[in-house]
Structure formats: C-alpha cells, structure tokens
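Undergrad: From the sequence below, what's the structure:
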Amino acid sequence: MFKKTPGTKDILPDEVSSWQVIEETTRNIFSLYNYKEIRPPIIEEAALFNRSLGESAEIVQKQMFLIKKDKDVYALRPEGTASIVRAYLENNLDKTAGLTKVYYIGPMFRVERPQKGRLRQFHHLGCEVIGSQEPYLDVEVISLADNLLKAYTIEGCEIKINSLGCAKDKKELTEILRKNLKPKLSKLCDDCNTRFKHNVLRILDCKNEGCIEVVKELDIQQDHLCPECKGHFDKVKEGLDSLNIDYKISPYLVRGLDYYTRTVFEIIHNDLGAQNALGAGGRYDNLVGDLGGPSLGAIGFAFGMERLLLVASREYRVESKKLVYIITLGNQAKKEGLKLLNTLRRQGITSDTDYEDKSLKGALRKANDLSSRLVLIIGEDELKKSVVMLKDMVSGEQKEIKQDDIIAELKNKL
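TA: Below is the predicted model of the structure:
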C-alpha cells in the first residue's frame with residue numbers, strides 16, 4: 001500500500017472546513033485593505049530563488065526541491081515573494097498598475113526534517129506591496145498582520161520589529177558583527193562558522209542555544225543606521241504607537257533572507273515550541289531592481305497556515321449547508337428521485353441521495369449520519385398519489401407534500 005511522502009499531510013474532508021474558514025477570513029480582511037489576490041505558479045526557475053534569496057541562504061543550499069530537465073533547473077517554490085516580484089515584472093505591472101497590493105494563499109515546499117509546525121509541503125498566506133518606500137506603509141502592513149490574527153481569534157502573540165537599514169547600513173552591521181564574533185568562533189556551531197564566511201548576518205537568526213547566548217553578549221544596538229533609515233524606523237514606531245499596536249524592538253531580528261532591508265518583523269507564539277514563528281516579513285527595497293526592474297520600495301509578510309491552526313483558540317468549522325436527503329424505493333422511484341435531485345440543486349438546495357441500495361432503515365441511518373435536516377421519501381404509494389413523504393429529522397414529524405409544492409415547502413423549512 002502506498003503512503004504519503006514524508007513531510008506532507010492529507011487534509012481530510014473533516015479538516016478542510018477549518019482551512020476554509022481561515023481562507024475566507026483572510027480574503028475578507030485583505031479586501032478591506034484593498035489587496036487583490038494573485039496566483040503565481042508553484043514551479044519557477046531555480047535561478048530566481050538563487051538570485052533573490054542569496055546563494056548562501058539555507059533555503060538555497062539545503063532546502064529547495066529541484067527538478068532538472070535537460071539543461072534547465074526548476075524549483076518548487078520555497079516562498080512566495082520572489083515569484084510575485086517575477087510576476088509583477090514579467091507582466092509589466094510596474095508600467096501599468098502603479099502601487100500594487102496583492103495577496104496569495106497556497107503551498108510552498110522545502111526539504112527539511114518534519115516536526116511540529118514544519119512540513120516539506122506547507123501553506124502560506126501572505127501579501128506584497130510594491131511601489132512605495134513610505135514608512136506608514138510599513139505600519140499598514142504590520143497592522144494588517146495584527147488584524148488578521150485578531151480575526152482568526154488567535155491570542156498570545158508577540159510582534160517583534162527591527163530595522164536593518166539600507167544596503168550601506170547592512171554592510172556596516174556586517175563589519176561590526178565580523179569584528180565582534182571573530183574571537184568567539186569556537187563557541188559557534190558549524191553552520192554559523194560557515195555563515196561567518198559567507199553571510200555573518202545569518203548568525204543572528206540561528207536557533208542553536210549556544211549561538212543564541214553568544215549573540216546576546218554582543219549588545220547590538222541601532223548605531224549602524226544612517227539618519228534617513230533611523231528616521232524611517234522612528235516613523236514606523238510612531239505609527240504603530242498611534243494604532244495602539246503592541247510590539248517589541250528586537251535588535252537581533254534579521255530574518256534569514258538576503259533581500260530584506262529596513263523594517264523587518266516577526267510574530268511569535270510560544271505554544272509552537274522552538275519553531276515559534278507564526279509569520280514574518282519586512283521591506284525588500286532592492287529586490288525589484290535586483291531582478292531587472294526599476295528601483296521600487298516593497299514590503300510583505302507571510303503566515304504559515306498549519307501554524308495558525310495549531311494555535312487557534314477555537315476549532316474552526318464552516319456551518320454546513322442544510323442537507324435534504326432523498327430516499328427512493330424501487331426503480332421508478334429512482335428515476336423520479338434523479339429528476340428531483342436535479343431540480344433541487346438548480347434551486348440552490350443542497351441535496352443528495354442513496355447510491356448504495358440501502359433499505360429504508362439503512363438509508364435513514366445514512367441521512368442521519370450526514371446530518372441531514374430533511375428527508376424526502378419516494379416509493380410506489382407516493383408515485384401513485386404524485387406526492388413525496390417529507391420527514392423532519394429534528395422533530396421526527398412526517399407528512400405528505402404534493403410534488404408541485406416541494407420547493408416552496410423545503411425553502412420554508414430550511
């Protein structure tokens with residue numbers, strides 16, 4: 001017997017309703033902020049992620065699902081931002097749309113060890129705004145993330161923010177880190193020793209306890225920020241304060257991707273354990289230009305949907321549509337039942353019937369298992385009198401209904 005691929009999950013019918021509530025809530029909130037949905041493909045040229053995320057990024061080095069076809073190398077997308085910037089440029093939205101605000105919902109793929117809140121196929125919902133460096137846009141995006149969590153009824157979250165500054169500021173921070181970390185390399189893990197050579201900023205993002213302790217001793221402040229970037233971050237903080245959004249400044253927060261500049265943020269929830277990030281994001285003001293487009297400010301974030309469901313304070317359920325179940329007894333009744341099903345569905349009435357040749361008792365049990373609100377029974381006697389037997393599964397009441405009155409009676413009861 002075949003089994004699912006490790007690190008993937010079957011989302012069964014009983015669970016799908018929870019996902020649907022998250023998705024519907026997401027679309028409603030994004031629409032309030034005037035974001036439009038975008039659906040890029042899940043497969044892209046691998047070079048897109050090599051360029052955008054950085055050749056030394058752990059995702060690029062270890063976690064991408066690669067597909068090789070002749071000389072071409074493709075990747076299942078490990079994150080959404082690069083795909084959306086590619087779509088933005090390829091479809092000339094920079095020339096036709098002005099400020100572009102989009103959101104997405106869909107699967108991502110990374111080769112990593114499966115654990116709580118971390119799968120090889122996982123799902124992100126997120127947004128990207130391209131075309132502005134305005135600091136109050138940062139405020140909008142962070143407040144949007146906060147309002148999404150409130151709409152999901154998720155409590156106990158903490159918003160952490162920081163500013164990496166511009167490219168020049170990041171270079172200065174890199175030099176500061178190299179100078180201060182060089183004497184402490186023996187205390188860092190093997191991965192961080194590699195990061196020291198290729199991208200020292202990623203040491204700040206390491207989850208190894210020993211490395212975390214070394215980083216805490218660095219006493220990193222925001223002295224590396226130029227006046228313009230410091231002013232930008234001050235306005236972001238002022239804007240968040242004006243909206244009464246709680247946040248914590250975290251000078252060690254860098255995020256693990258090369259494209260981030262200026263504002264970065266992360267939202268954590270302690271119920272998730274070591275992998276406690278519900279979502280994260282930030283500015284990437286250089287990425288559009290790096291991928292061949294104009295110099296445009298941009299910002300976005302993403303939440304992990306599986307992680308949202310892990311910490312939700314209630315179990316989401318879509319209210320089932322009230323089901324009408326048709327039970328037919330005999331071949332002629334089956335023909336009439338088939339036509340009646342078609343009529344009900346065209347009238348917008350959710351309906352189903354027995355395709356397993358059950359007895360009347362068995363079919364009624366099936367209707368009950370499906371939480372049917374009403375049952376219509378058609379047998380020889382009903383056919384002769386041009387009626388159906390209507391059974392209310394809540395009250396147990398039964399009565400005959402003329403065929404011409406079925407639709408009106410059902411809509412009145414439903």
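Undergrad: if you skip the residues just before and after it, what's nearest to Asp392?
TA: Leaving aside its sequence neighbours, Asp392 sits nearest to Leu374 (C-beta to C-beta, 6 or more residues apart in numbering; 6.2 Å). To be clear about C-beta, it is placed using only N, CA and C from the backbone, and glycine gets the same treatment.
Undergrad: Can you name the residues that contact that neighbour?
TA: Lys322, Leu323, Val324, Tyr325, Leu390, Lys391, Asp392, Met393, Leu410, Lys413, Leu414 (C-beta atoms under 8 Å, 6 or more residues apart in numbering).
Undergrad: so what's the fourth one up against?
TA: The reference is to Tyr325. Applying C-beta under 8 Å, 6+ apart, we find Tyr325 in contact with Ser351, Asp352, Thr353, Asp354, Ala363, Lys366, Ala367, Leu370, Ser372, Leu374, Val375, Leu376.
Undergrad: And for Lys334?
TA: Thr328.
Undergrad: Just after the helix or strand hosting it, pick out the following helix or strand.
TA: Following DSSP states H and E, one finds Lys334 within helix 331-346. Downstream of helix 331-346, the next assigned helix or strand under DSSP H and E is strand 351-353.
Undergrad: what mean pLDDT does that next one have?
TA: Across strand 351-353, the average pLDDT comes to 94.
Undergrad: What score does Ile245 have for pLDDT?
TA: You'll see Ile245 listed with a pLDDT of 95.
Undergrad: on that earlier part again, pipe the contacts of Tyr325 into CSV and attach distance to Leu291 per row.
TA: Below are those laid out as CSV (distance: C-beta to C-beta, whole Å):
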residue, distance to Leu291
Ser351, 51
Asp352, 50
Thr353, 54
Asp354, 57
Ala363, 60
Lys366, 55
Ala367, 56
Leu370, 51
Ser372, 54
Leu374, 57
Val375, 59
Leu376, 59
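Undergrad: hmm, which of these are the buried ones?
TA: Burial by neighbour count, 16 or more other C-beta atoms under 10 Å: within the contacts of Tyr325 this picks out Ser351, Asp352, Thr353, Asp354, Ala363, Lys366, Ala367, Ser372, Leu374, Val375, Leu376.
Undergrad: Relative to Glu155, which of these is nearest.
TA: Of all the buried ones among the contacts of Tyr325, Ser372 has the smallest distance to Glu155: 36.2 Å, by C-beta to C-beta.
Undergrad: which non-adjacent residue is nearest the closest one?
TA: Among residues not flanking Ser372 along the chain, Tyr325 sits closest, at 4.0 Å (C-beta to C-beta, 6+ apart).
Undergrad: For the one you found, grab phi and psi.
TA: Dihedral pair for Tyr325: phi -110, psi 130, per degrees, to the nearest 10.
Undergrad: residue ranges with poor pLDDT in the stretch 51-200 of the chain?
TA: 54-58, 60-61, 116-117 (pLDDT under 70).
Undergrad: make it 80
TA: Low-confidence segments of the stretch 51-200 of the chain (pLDDT under 80): 53-63, 97, 112-118, 180, 183-186, 191, 194, 196-200.
Undergrad: ok, now the stretch 201-350 of the chain?
TA: Filtered on pLDDT under 80, the stretch 201-350 of the chain yields the residue ranges 201-209, 212-223, 254-258, 273-275, 313-321.
Undergrad: what mean pLDDT does the helix or strand harbouring Ala363 have?
TA: Element membership for Ala363 (DSSP H and E) is helix 360-369. Averaged across helix 360-369, the pLDDT comes to 93.
Undergrad: Please report how far Lys335 lies from Gly300.
TA: Distance, Lys335 to Gly300, using C-beta to C-beta, to the nearest Å: 56 Å.
Undergrad: ok so, going back, so what strands line up beside the following helix or strand past the helix holding Ala363?
TA: The first helix or strand that comes after helix 360-369 along the chain, using DSSP H and E, is strand 374-378. Looking at strand 374-378 with DSSP bridges, its partner strands are strand 324-328 (parallel), strand 387-392 (antiparallel).
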